[in-house]
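Trainee: Compute the structure for the input listed below.
(chains A and B)
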Amino acid sequence: VATTQENPLLEGLPLAQTPEPCVLVVFGASGDLTRRKIFPALYALAFRRLLPESFAVLGAARSEWTDDEFRTQMEAAVREFGRDEFRQDVWDRLAEATSYRPLEFDDDDAEEDIARYLAGVDEERGTQGNRVYYLAVPPDAMPTLVAELGERRAAEGWTRLIVEKPFGHDQASASELNELIGSHFTEDEVFRIDHYLGKETVQNMAALRFANGIFEPIWNRQFIDHVQITVAESIGLEGRAGYYEKSGAIRDIFQNHMLQLVALTAMEPPTDFTADSVRNEKVKVLKSIHTPGPKHVVRGQYGRGYVEGIEVPGYREEPGVDPSSMTETYVAAKLFVDNWRWADTPFYVRTGKRLPRRETTIVIQFKRAPHPPFAEAAAEELRPNVLIVHVQPDEGVSLAIGAKVPGVGMKLRTVHMDFAYGGAFQVEMPEAYERLLLDAMRGDATLFTRADEVDEQWAIVDAIVAAWKRDRPAFPNYAAGTWGPPSADDLLGRDGRSWRHH
Amino acid sequence: MTATAHVEEWTGEDVSLSEVEKALCNLRTEAGRDEGVPHMRTSVMTHIAWVPPGWHEAAWTTLEGLAERHPSRAILLVPGGAPGDGELAARVQVAAYALPGERKHVAAEIIELRLGNQRAKSPASIVMPLLITGLPVFCRWRGRPPFGERELEELTGLADRLVVDSREWDEPVADYPRLAELFDRVAVSDIAWQRTLPWRVELAYTWPEVGSCEELMVIGPAADAHLLAGWLRSRLDREVRLAVTPAEELESVAVDGRELSHPVEEAQGSSDLLSAELETFGRDRVYEAAVRATG
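Mentor: Sure, this is the predicted structure:
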């Protein structure tokens, strides 16, 4: 479909934002991510006619599959993980545009073959040399693949590179990868995925702060006592021992999702919602984060325990895990953002596996009213105001306020005002990957991380990990199904505060 | 989507608005009694529906399919529905919907007010005390709006958006110019226009061939056909002849004798169509131009 200027019938139609013609090439297409996320997302986009009319998908991976075998696998994945009803006509359209090539990532001949094949797709489907390369490959395959792709750029059309996490394993390796990518691609061609940024509620943090005049004036050290950010998982390893043993909680969640949530909570209002304006503000926050000392970081590893009434093994008993593993499955930290807005306001963050429930929340705890004119007994049930942004599950926002208990006398209690997304907007929320894939095809990098953000995130993590080398904690130090090691409670207890538990 | 958890209802004959408000408040408390707290109200609008007696059943059916998607306050005004000229009869419902996968319930409120003939002449004064402060007001007008009459003038004066379905009119082409007179006063949307959306998408896909279209042939309701023709004329800035073969649903569209493939989207129910309109804010200039070009 032509642009609105060329085709006047497009004006006002929901088709107007369809991306330009392109080929999406998924490297690592036989992996779990392609099955669970990428193809279900593509199907959802096809279902809503959000894919361009001239479009093709090429899967490439080591598995020796044929086109038909790949399509069969992806159809099963869409049926299992898709959020929409399965419609044969929609799938047929997507399947007809889908093909597969077996590939060793360091095989020059195979890469040449793919380049020739893509040129043929351009001829056949009118995809104009436009490419979206999705690198869903292990970290060790990334450098070779980036170099191969960089050397074989199509003569015409645009190229975009979607890079999955983990982006390096420390600051040095991330910088090396950034440099390699930078030698072949410009920054606006690179889309580093942090799928948390594709979540509606994370984006709603920007809406909450910058579309409402009431919050921004009090969004600072003068009114906020502290911030708590929790990314809790109730699951264990789910077969990812190989990856997790190397990454641990700090690289799996803290380095990316957690620090992005801190940045979104603490950033200054951007001048507009374009990619660079938003990312400029986030990177300023990341640069301002004071490296936490050893006393401000707690790590943990779960032992045997109970989750939802079922006994689960400890981390060291999980299949594929070293029985004496020192990998952390829990991290809590007290962070300070050293700038005018946040000086001396702690950001307590925690993430862990096998915690009592799956929950991602951002809790803004305000300072107490300076002088409540009530008798102490009347207000003993009264807690400080808290604004809770529920990222998952139960997406929404709650505000805890003090209210008078009906009846004679002045007795106060804390009550919650809830805004549930599902209550006000009963529409199905798009999966993060749908939004991110579409944005990458459109060239909008607002919800992707920039090289300098990644660099700053790793700098913080490297400093924490360096301190860890000097001691050897007694793991396991928390039971599965609890809120982490007791030292995490002490982290706040020393400041006269406590984690918000339900 | 969700299942109704609980419906509380109150009815009264010859009532005052303050009795209605009090009943509403009591029902909200009653509806949440099992959980010990009232259900959440996450209202996004007040939805007024002007429902002449012949449309009563259809309006309730639509609302029942809509309430869980737009858990707001719906006020059904039934003119001539009360026994006495100056009377007001009411039926108030608070329905609590469980949110899928969540522990919370959301409350939707429906207030049906049957107005005696006298009361029906000044509906704004009846509705105004019941509007949710600070939220947009949508007014769904069932059947043909009485253009120029006081009740329409009053309700369009307080609504942010008027929603009609020109399929419900006997002579849509004759009435479109009257509807167009409202455009500068209130944002208007038309469910008939919403129904043509999949066909407009198909027509847009035929660009650039459709750019030189001379004749549109439609098998379907007159309203849909004229809106499609008006849309093509206004977007392409050229005369397009229209040939209509009447049918209950939009069955076929052909451009210069070439039939379009049928859209893949399934036909939507009345609740889905109204729901889509209730998510639209501001003026739809493309629709307005299409209406003006129907003649």
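Trainee: Break down the stretch 101-250 of chain B into its strands, ranges please.
Mentor: According to DSSP state E, counting those that start in this stretch, the stretch 101-250 of chain B carries its strands in the segments B:105-115, B:137-141, B:161-164, B:187-190, B:215-219, B:241-245.
Trainee: Is it possible to get a markdown table of these that adds mean pLDDT, mean neighbour count and distance to chain A?
Mentor: (Each C-beta comes from the backbone N, C-alpha and C, glycine too.) Formatted as a markdown table, the strands of the stretch 101-250 of chain B follow (pLDDT from 0 to 100; neighbours: other CB atoms under 10 Å in any protein chain shown; distance: least, CB to the nearest CB, whole Å):
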| stretch | mean pLDDT | mean neighbour count | distance to chain A |
| --- | --- | --- | --- |
| strand B:105-115 | 83 | 25 | 4 |
| strand B:137-141 | 91 | 25 | 15 |
| strand B:161-164 | 93 | 24 | 16 |
| strand B:187-190 | 93 | 23 | 12 |
| strand B:215-219 | 96 | 19 | 13 |
| strand B:241-245 | 96 | 14 | 16 |
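Trainee: Compile the ones you listed into CSV and extend it with columns for distance to B:Thr61.
Mentor: Supplementary listing: the strands of the stretch 101-250 of chain B in CSV, determined by distance: least, CB to CB, whole Å:
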stretch, distance to B:Thr61
strand B:105-115, 12
strand B:137-141, 13
strand B:161-164, 16
strand B:187-190, 20
strand B:215-219, 27
strand B:241-245, 28
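Trainee: between those, which one is nearest to A:Asp462?
Mentor: strand B:105-115 (46.2 Å; CB to CB).
Trainee: Tell me how far the closest one lies from the chain's centre.
Mentor: Centre-to-centre, strand B:105-115 and its host chain are 16 Å apart (CA atoms, centre = their mean, to the nearest Å).
Trainee: next one: stretch B:169-185
Mentor: 16 Å.
Trainee: Next, give phi and psi for A:Ala77.
Mentor: phi -60, psi -40 (degrees, to the nearest 10).
Trainee: residue contacts, it?
Mentor: Residues in contact with A:Ala77 (CB atoms under 8 Å, 6 or more residues apart in numbering or on different chains) are A:34-36, A:39-40.
Trainee: which one of these has the most neighbours?
Mentor: A:Phe39 (28 neighbours; other CB atoms under 10 Å in any protein chain shown).
Trainee: Going by secondary structure, that residue is in what exactly?
Mentor: helix A:39-47 (DSSP states H and E).
Trainee: quick one: average pLDDT of that helix?
Mentor: In this model, helix A:39-47 has an average pLDDT of 94.
Trainee: do the same with stretch B:77-92
Mentor: 86.
Trainee: Could you do stretch A:365-382 as well?
Mentor: 77.
Trainee: Quick one: find the helix or strand in the chain with the lowest mean pLDDT.
Mentor: Picking chain A for this. The weakest-scoring helix or strand in chain A, judged by mean pLDDT, DSSP states H and E, is helix A:421-424 (a mean of 57).
Trainee: wait, chain B
Mentor: For chain B, judged by mean pLDDT, DSSP H and E, that is helix B:270-278, with a mean of 72.
Trainee: Next SSE downstream of it?
Mentor: Next along from helix B:270-278, by DSSP H and E: helix B:285-292.
Trainee: What lies in contact with that next one?
Mentor: Residues from elsewhere that reach helix B:285-292 (CB under 8 Å, 6+ apart): A:11-12, B:176-177, B:179-180, B:183, B:188-190, B:193, B:227, B:230-231, B:233-235.
Trainee: 10 Å instead?
Mentor: Outside helix B:285-292, the residues that touch it by CB atoms under 10 Å, 6 or more residues apart in numbering or on different chains are A:8-9, A:11-13, B:166, B:172, B:175-177, B:179-180, B:182-184, B:187-190, B:193-194, B:196, B:200, B:226-235, B:280, B:284.
Trainee: quick one: the closest residue in space to A:Val137 that isn't next to it in sequence and chain B, what's the gap?
Mentor: Nearest non-adjacent residue to A:Val137, counting by CB to CB, 6 or more residues apart in numbering or on different chains: A:Gly28, 4.0 Å away. Distance of A:Gly28 to chain B, computed by CB to the nearest CB, to the nearest Å: 31 Å.
Trainee: for A:Gly28, what are its contacts?
Mentor: A:34, A:38, A:59-62, A:103, A:105, A:134-138, A:141, A:145, A:164.
Trainee: what about it, distance to A:Leu261?
Mentor: 27 Å (CB to CB, to the nearest Å).
Trainee: And A:Met326, by the same measure?
Mentor: From A:Met326 to A:Leu261 the distance is 26 Å (CB to CB).
Trainee: Counting neighbours, go ahead and name the busier of those two.
Mentor: More crowded of A:Met326 and A:Leu261, by other CB under 10 Å: A:Leu261, with 28 against 14.
Trainee: in a helix, that's where the more buried one is, yeah?
Mentor: Yes. Remark: A:Leu261 belongs to a helix, assigned using DSSP: H, G, I helix; E, B strand; the rest coil.
Trainee: Verify the stated contact: it with A:Gln392.
Mentor: No. Counting by CB atoms under 10 Å, A:Leu261 does not reach A:Gln392; the two are 11.6 Å apart.
Trainee: Name the residues contacting each of these two.
Mentor: Joint contacts of A:Leu261 and A:Gln392 (CB under 10 Å, 6+ apart) are A:196, A:202, A:231, A:360-361.
Trainee: Take those and write them to a markdown table, including pLDDT and neighbour count.
Mentor: Converted to a markdown table, the shared contacts of A:Leu261 and A:Gln392 look like this (pLDDT from 0 to 100; neighbours: other CB atoms under 10 Å in any protein chain shown):
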| residue | pLDDT | neighbour count |
| --- | --- | --- |
| A:Tyr196 | 80 | 21 |
| A:Val202 | 74 | 24 |
| A:Val231 | 95 | 25 |
| A:Thr360 | 91 | 24 |
| A:Thr361 | 91 | 20 |
